[in-house]
Structures are given as structure tokens and as C-alpha cells.
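In: no FASTA, just this:
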């Protein structure tokens, strides 16, 4: 059962929650570095979502602190070293949970506000 | 493009471990670089690509905040009760973190300074100038005045002088007869010696050369507590005539003139025409009263000669106090002995007593006033520099209120912020100190070059750049930096939230503004003190330079010839010089030549008492005294001294002929008021003659006898032929460059006696110039410091006004929006500056009026409160300050009202 309590004007937690979901989602797969993650978000959203460095890294580090993501410096020959991030099992579990929550939220939203009108 | 540097420059310190911060910087740099490259691939120009990269981080402060929040350990976000249970960090880890933080602070400080050159350059320069100048001057002060003398128990050594209060002779050379009596009667001294300057003509190789040293009785060695490092000192037995042909030479003389031969002790060298045995070599660096002495040699007098010596020669006494005897006890005993001698030999001793002076004081007292004034001046420069830095730091910290506010809001601890500000102060101090070190070295070299050979500063050659002094001034500069970095840091860390709320536009709390204003007042006042001091010295120097010496110095060559007493008696000396002068006068280019015993303005001369023979003889000690100079015919013409009345000396005035004299105009006026002095007779206490007195045959113009600032207008000139001395300075007038004649003059002398050296070959202008050296050096140095102070004050005023205008952008904008004209804004800003500067000038004038009297002993014909100097310097300072305020004031008039309001 999903309960969302929203103040009339407060969309901050919504935004924050969605950003986390987006980041966790693009991390689901092979390890990627920060710039790649930003690119992936832009591509998958056809350029509609853009994560600036100022948004991306603080979020990434927070997830890492919470043990959902793990980063590792990798040095490929002929290239500069980069930090590659991947989801931890806890991160995967969190992604599953978030997807489920958002799905329910969007369905509820659609039923009430008809956001997915054909 | 260095993206890591780009990020580092913009990202405020995160207050997290340095290694982690470095990783974050690296990742952000990669991201920005990626954005840049991508934009370029899509065809953007460099500038557009750069803008795209920059757009990745719209606000670095906000990013820093977010990063700090993200990096904060999960535990830190828990309530404090939970946090307490966490393990304390390992000590090593903490220390490592502290070091890392410190390095990070320093890196950030360096970066922020490099970004703000308009703050950094004046601050570092001010510190460097203060530290550099202070270190250089204090090095000299320490070396000359404070370092202990290189003698054993130097505080027990005293100079022994005769003194005569009535004649204003607090320290006079001593009479040999009195010296003998002191030696026999005193109980206060362990040792007592007599010592006087001496010159020897040596034949080293085939060239005659004159060297200077001292005649000294054998007691000088135990008095100073110094013994020769090779050979031996001479003994009291060798003080006596007949045993006295011995020499102790300096280490330097041995090395340079005697070739450093190891077997030099007990060899003989011919000095003044007599073979003398070198019995010892003094240790390296040996000096007497700070003067180098190439040799020491005994007087070679008999006791009878000493006892019957009539006057006071050119020697002084030096003594070592007996153990347990204080200076006061010794002085009191010597005064008692002097009183006895006054009764026993009233003719010689009436009015004369004895003064003992600690040897260190005796050495430094001449240069002390100048050094103290310079120390004070340089101290003021340092102070002004410190005030300047404080000013700049305060102004900067006020500007940075917003940055500090953001960081407090981000959760930076106050302690952390204060530490950061302190690191900045330290970095600034270190930079200023390093630059100051370079300047100190340059100043020090410059100072030695400026002073060297011009002023007899004792021990100047031993003055090294003083590390303790440098350390002290550096510490002072750092301390200033820390103090004035610390206070605003604390203020800022308390007010920062408010600053943030105000958007940082109102910043500059009233307290900060008042402090800044007060600092400007202080700075202006300090500068004015220096300026007035320098102004007074310059005024005095110009007056001194314009003093008429009474002769024409240009076009005159001077050179001294000393005849060795062993080969020339008085008659031979009297016969020798006319021949020399004849040959010199015949040299091509020479217009006239003459000679004088003791050239005016070049050191000691002869002073003695005299009276009119047609008036009763004054009682003992009451007779007036005059300068006496034996001269050859043509001396006045050659020197350009006007003949006022009567005639010059000529070939009639020889030994055996009636004794004649020429007197100075002032002597004639004072002692023959309303009378004709020609034909009158003077009794002059000199030589053995003049019993029927010296008949006055001429009157000549007054000249400056010892220095431009000394009025000694009483002079009696006697014919050299009637009072021959073994020493004479030749003067030759020429239309050529005088020094070009030096070789031919030496040739003329040596054609008569190949063993005679020509010493002190100088132009007369050089001789006069040398007497101006000390006032010139002091005036030049003080002016340099004053110029420095003026510059620093200008920078200070500029800095504060620029800051003030920046702070008042909004207010000025509103004024202009409400119809204020640029001219009225200009007047407003300038008026504010003027108020501060005038307050400073008022304070400065008051303090200066109290302080300039300390300069009195250095001033010539200039009042310590000379109103013109005070007025001119105040005006100069006001004008400079207005100039410094001009740029900020102009900037104030260009504020666009709209922009100023948008700043809200």
C-alpha cells in the first residue's frame, strides 16, 4: 500500500526521489564512469533529462556513502584513470523497491489526474 | 586546458580529508573536460565550449555545500547521542588529517592570493619593504652599537680625557706631563696607556708609502687585554727613547704589505727613515676604538721629556679599571688628582679636570644620534607597513564576508574558518618575509656602499646581515598578519549568517569601517612624522651645502707630505718645502702652489690660546683660543681666500726675521674693535718663539676651519718658515682636472727625496664633500624612508577608499538614481577621504612637533619646528592622499544606478 503525503507546493522530495531513481536505473548494468552516466541519462531521455556535474556527483557520492553504489578507479592503457561505478546488491534491491513505488505512484497519478491521456 | 586547476581555483575548500577532495576534483575535472570536448565535436568554438563546460556547475558554493552534505558520514547525520558511541579516531589518523587540512588551507590561500593580485601585491610589497629596511638598519645598529667589543672584559676599559668645562671642551686630548702624573698617582687603574694617531712612511720595495697606525705606550696591550698572535708585545722598557724602534703590526698589514711571510717577526723594516724591528703581529681584525691600525709603536720619550712637555698633544688616555673599582670611584679619584695638578702647574692646568668615558660609549656616541634617528625612522616604516597590511586584510575580510557566510552555512566549523584565515595570514607573512629577505640583502649592500669610506662608522666592515634581527622583524610582520587576519576571522565567523542574508551587499559592518578609518588616520600620522623629519634634515642639508667655506674649493689639488723626523730636523724641514713648492708650481697646468700644516676641514689642527701684547695677560685659563695654521707664501691666493688688509707672507718672513702673523677678519674685528690691527702684536702660545709677539702684517677672510657647520672664525696664520712642521699639505690650483696632476706632483716631491710618499691625494672639493658625508647619508636614508612611508600611505588610502566605494555601491547608486550628479558623488568620496587624511595630518603634526626635537643635534640652522617644513610636508601628504583617492572616487561616479539597485 503506497501512501504519499504531499504538501500543496512542495515538489522537492519528489524531484529528489526521481533523481535518485534515474541514477540508480542507469547504474543497473555494466560499471560506468560519471560522464558516461550523464550521457546515458541524456540519451535515454532524448535530451529531456540532463544531469549537470553539480547534480550528478553529490548524488552519486551520497548513494555511495549509503552503500548502494560502489566506485572503483580503473586505469585503462592509454587513457586517464576514471572512476567506474556499479550497483551493490543493496543498490539493486533499492532500485527494485523504487521502481515499484514509482510505478504505483504513477498509476495513482494517472487515475486521478489522467497524466497519460492518449 | 588544465581542468583540474580550473576546478581547484573555483571550488571552495570542502573541509573533508584532502585525499578525498583530490578525487572529487579529479572527477569533476573529467566531467567538465567531457562537456568541453563534446561541445567542440558539435562544432562549438573554444569560448562556446568553455561556456558549456562552465554550465556544468552554475554555482560553486552550492556545489561545495552539496558535496559536503553528501560526504558527511552517515553517523554524522544521526543525533549526537548516537554519535558519541562511535570510536574516537586513531591519533595517527587525526594528525595526518590535520597536516592534510593544513596543506589544503595553504593551497587554497595561495590560490586565493594569486586570484587577487590587487590585494596581494601591495600587501606583500608593504611587508617586504618594512622587513627589509628594518633588518638592514637594525643590523647596522646592532653591529655598531650593541655587539660587545672584541676586547677582554671590555666594560672595564675607559677612555681618559682631559676636560675643561669653561672652554666647552668636555673631551680634550691629554698632556704628556699630566699622563705621567696620573700614572704615578692613580690607584684606580690596573693599567693606563697613552695612545695617539701616527703615520709612518715605509719603503716597501722601491715605492715609498704612508701607513697609519698608533703611537701607544706599552700599557695599551694589558689595557685592551689583547696580545699579539705572533711574536710579542713591546715592554715598558721599550717605551723609552733609544729602545723604542720596535713595531707591532696588524695581521692585515702583515698579509698585504709584508707578503704574509712567516719569518717576519724580528726582521726590520725602514719606517720614517729609521730601521724598526717588527716584534709582533696582532690577531686578525684587531682595531683600536673601531679604527684599523696598521701598526703600534712606542712614543720613545724620556721621563724628563714627558714631564716637561708643555701642552696637550694629540693623544688620549686609555685605562683598565682595577678589579672592584667602579667608574664613579675612578672618576672621583682622577678628579682629585687633576685638582692637585691644577695647583701644582696652574699655567698648564687651570680649569682642566679629567673625564672617564666607557670605551664602548666613546666609540658609538658620534654615530649614535644618527643611528637612533634612523632606527626610529625604519621602525616607523615597519609600523606603517604593518598598518597597511592590517588595512588590506581588514578590507579584504569585509569583502569576503559573503564567502565566509556561505561556508558557515555549509557547516564549516568556526574554528576551521579561523584556522583557514590564519593560514592565509601566514602565507602572506611568509611571502612578505621571503621578499623582505631579498630586499634586506639589497638594502644592506646599498647601505654599506652608501656609508663605506664616507663616514667613519666604527666596525662598519664587521656588520653582517643580522639573522636575529631578520627573524625579529619577520616575526613582527607575521604577528601583524596573524593578528589582523585573526580578528576579522572571528568577527566574520560571528556575523556571517547576517552577511549571507543581506546578500553581502551591505557588508562592512560599521565596526570594520571605523577600524579601517582609524587605521588610515594612524598611517597618515605615522607617515607625516617621517616626512617632517626627512624634510627638516633635507632643509638643513641644503643650507649646510650652501654654506660658504670662505675659499674656492674647485680646481684645487691637495696632498700631504710628511718628513721623517729622523732625517729632517726643523731647519731641514723649513728648507725642504720651498723647493718642493717651486717644482710643483712649475708643473704644466699649475697656476699656483702653496702649503699648509693641517689642511682646513680635514681633521685635527692646532688650537691654542693667545692675547694682545699691548693688553695685560689674562689670568691662567682665561685667555681666548684660536686656530693656528703655519702656511707658506701664496697660500691665501692659491686657496682663494681674500686678502682683506696688509700683505701676504713673503721671502722676508724666515727664521730669524721678526715673527709675523696674519689674522682672520673676525679675530681682527673682535679683538681690535675700531682699531687698525696692522702692526699690533699678538702673543700666541705656540712653539718657542714670539716672545716679542707676532706682529700682525695682514688680515684675511674667515674660512671654515674644521667643518661647514662649525663656526670657528678666529684664526692666526704664521709663516711656515718661522714655525716649520715636519708635515705639510700641498695645495695646487689648476684649470685642469686636479687629480690629473697627482702623478706629476708626486714626481716633483720624489725628485727631491725618493723615499717620501704622497698621502691623502684629494681634491679640495672632495675634502669639503667628506665633511658633508654624514648629514648627506642621514638625509638620503631618512628621505628614502619617508618616500617609502608616503608610498605606503598612498597605497593604504587607496585601498581603503576603493573598498569603501565598493561597499557603498548601492548607496551611491541610489543617490545617483535620486538625481545626484557624478560631481557630487566625486566630492562625497573625496570628502570622506579628506576627513580621514586631515585627522591623520592633525595627529601627525602634533606627534611630529614632539618628536622632531630629537633631531636637533643633526640639524644645521634649521628649527626643529620649522613651520615651512611642517606645512610643506603636510601639504604633500594631503595631495598624495587625494591622488590616491582619485581613482576610487572616479569609480564611484561611474556606478550605474540600475546596476547598483539590481545588486540588492
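Out: Nice, thanks for sending it over. These figures come from a predicted structure and were not determined experimentally.
In: Just confirm yes or no for the lengthiest helix in chain A near chain B.
Out: Across chain A, the longest stretch assigned as helix under DSSP state H is helix A:89-113. No: Helix A:89-113 lies out of reach of chain B by C-beta under 8 Å from any C-beta of the partner chain, never closer than 13.0 Å. C-beta here means a position set from N, CA and C on the backbone, and glycine is covered the same way.
In: which strands and helices sit next to that helix?
Out: helix A:12-27 (3 or more C-beta pairs under 8 Å, 6 or more residues apart in numbering or on different chains; DSSP states H and E).
In: moving C-terminal of the helix it packs on, what's the next helix or strand?
Out: Counting by DSSP states H and E, the element after helix A:12-27 in chain order, helix or strand, is strand A:32-33.
In: tell me the mean pLDDT over that following strand?
Out: Averaging pLDDT along strand A:32-33 yields 92.
In: What residues of the helix or strand in which residue B:378 is found count as buried?
Out: Using DSSP H and E, residue B:378 falls within helix B:368-399. Across helix B:368-399, burial judged by 16 or more other C-beta atoms under 10 Å in any protein chain shown covers B:370-371, B:373-399.
In: again with stretch A:52-65
Out: Neighbour-count burial for stretch A:52-65 flags A:53-64 (criterion: 16+ other C-beta under 10 Å).
In: repeat for stretch B:761-779
Out: By neighbour count with 16+ other C-beta under 10 Å, stretch B:761-779 contains the buried residues B:761-764, B:766-772, B:774-779.
In: for stretch B:304-319, same thing?
Out: If you call a residue buried by 16+ other C-beta under 10 Å, then stretch B:304-319 has these buried ones: B:306, B:309, B:312-313, B:315-319.
In: how distant is it from the center of its chain?
Out: Here the centre of stretch B:304-319 is set off from its chain's centre by 36 Å, with C-alpha atoms, centre = their mean, to the nearest Å.
In: and residue 53, what is it in contact with?
Out: You didn't pick a chain, so chain A it is. A:34, A:38, B:28, B:31-32, B:35, B:56-57, B:63 (C-beta atoms under 8 Å, 6 or more residues apart in numbering or on different chains).
In: my bad, the chain I had in mind was chain B
Out: B:3, B:32-33, B:35-36, B:39.
In: and what of residue B:360?
Out: B:149, B:154-155.
In: which of the residues you listed has the most neighbours?
Out: residue B:149 (18 neighbours; other C-beta atoms under 10 Å in any protein chain shown).
In: circling back: can you add pLDDT and secondary structure and give the buried residues of stretch A:52-65 back as TSV?
Out: Shown next, in TSV, are those (pLDDT from 0 to 100; DSSP: H, G, I helix; E, B strand; the rest coil):
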residue	pLDDT	secondary structure
A:53	88	helix
A:54	87	helix
A:55	87	helix
A:56	90	helix
A:57	92	helix
A:58	90	helix
A:59	90	helix
A:60	92	helix
A:61	92	helix
A:62	89	helix
A:63	90	helix
A:64	91	helix
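In: Got the confidence number for residue B:24?
Out: Note for residue B:24: predicted pLDDT of 91.
In: just the one 10 residues further on next, same as before
Out: pLDDT recorded at residue B:34 is 89.
In: Please point out which parts of the longest helix of chain A sit buried.
Out: For helix A:89-113, using 16+ other C-beta under 10 Å, the buried residues are A:91, A:94-95, A:98, A:102.
In: which among these gets closest to residue B:436?
Out: Among the buried residues of helix A:89-113, residue A:91 lies closest to residue B:436 (C-beta to C-beta), at 57.2 Å.
In: Up against chain B, what does chain A have?
Out: Counting by C-beta under 8 Å from any C-beta, chain A sits next to chain B at A:33-35, A:38-39, A:52-54, A:56-59, A:61-62, A:65-66, A:80, A:82-83.
In: A strand includes residue B:756, no?
Out: No: Residue B:756: not assigned to a strand; according to DSSP: H, G, I helix; E, B strand; the rest coil it is coil.
In: Correct me if wrong: it contacts residue B:208.
Out: Yes: between residue B:756 and residue B:208 a contact is recorded at 5.8 Å, counting by C-beta atoms under 8 Å.
In: who touches both of the two?
Out: B:201, B:750.
In: Helix or strand with the lowest mean pLDDT in the chain?
Out: Answering for chain A, as no chain was given. helix A:12-27 (a mean of 79; mean pLDDT, DSSP states H and E).
In: Chain B was what I was after
Out: For chain B, judged by mean pLDDT, DSSP H and E, that is helix B:80-84, with a mean of 33.
In: Other residues contacting the following helix or strand past that helix?
Out: Using DSSP H and E, the next helix or strand after helix B:80-84 towards the C-terminus is helix B:91-115. With C-beta under 8 Å, 6+ apart as the test, helix B:91-115 has contacts from B:8-9, B:12-13, B:15, B:17-19, B:21, B:89, B:119-120, B:419-420, B:423-424, B:426-428, B:431.
In: And the longest helix belonging to chain B, what does it pack against?
Out: Of all the elements of type helix in chain B, the one with the most residues (DSSP H) is helix B:414-451. Packed against helix B:414-451 by the contact rule (3+ C-beta pairs under 8 Å, 6+ apart) you find helix B:91-115, helix B:117-141, helix B:368-399, helix B:401-409, helix B:467-501, helix B:773-807.
In: what about the stretch 401-550 of chain B, any weak spots by pLDDT?
Out: B:401-412, B:452-463, B:466, B:476, B:480, B:484-512 (pLDDT under 70).
In: let's see it at 80
Out: Confidence mapping of the stretch 401-550 of chain B against pLDDT under 80 gives the ranges B:401-422, B:425, B:448-474, B:476-516.
In: Which stretches in the stretch 101-250 of chain B count as helices?
Out: B:117-141, B:176-185, B:220-224 (DSSP state H, counting those that start in this stretch).
In: Just give me how far the helix or strand encompassing residue B:835 sits from the chain centre.
Out: Using DSSP H and E, residue B:835 sits within helix B:822-851. Chain-centre distance of helix B:822-851: 32 Å, with C-alpha atoms, centre = their mean.
In: Could you identify the helix or strand that succeeds that helix?
Out: helix B:867-893.
In: I'd like to know which elements that next one is packed against.
Out: Helix B:867-893 packs on helix B:510-545, helix B:773-807, helix B:822-851, going by 3+ C-beta pairs under 8 Å, 6+ apart.
In: rerun at 10 Å
Out: In terms of contacts (3 or more C-beta pairs under 10 Å, 6 or more residues apart in numbering or on different chains; DSSP states H and E), helix B:867-893 is packed against helix B:510-545, helix B:773-807, helix B:809-817, helix B:822-851.
In: List the buried residues in the third one.
Out: By neighbour count with 16+ other C-beta under 10 Å, helix B:809-817 contains the buried residues B:809-816.
In: contacting residues for residue B:32?
Out: Taking C-beta atoms under 10 Å, 6 or more residues apart in numbering or on different chains, we find residue B:32 in contact with A:35, A:53, B:1, B:3-4, B:6-7, B:50, B:52-57.
In: Mind doing that once more with 6 Å?
Out: B:3, B:53, B:56 (C-beta atoms under 6 Å, 6 or more residues apart in numbering or on different chains).
In: Give me the pLDDT value at residue 99.
Out: Unless you meant another one, I'm taking chain A. 89.
In: Let me rephrase: I mean chain B.
Out: 75.
In: now check stretch B:37-48, is it near chain A?
Out: No: using C-beta under 6 Å from any C-beta of the partner chain, stretch B:37-48 stays clear of chain A, with a minimum separation of 8.3 Å.
In: Show the end-to-end separation of stretch B:313-327, please.
Out: Taking C-alpha to C-alpha, to the nearest Å, stretch B:313-327 runs 25 Å from one end to the other.
In: Identify the residues contacting it?
Out: B:156-160, B:173-174, B:188-196, B:223, B:330.
In: Surely residue B:837 is in contact with residue B:524?
Out: Yes: applying C-beta atoms under 6 Å as the test, residue B:837 and residue B:524 come out as touching, 5.4 Å apart.
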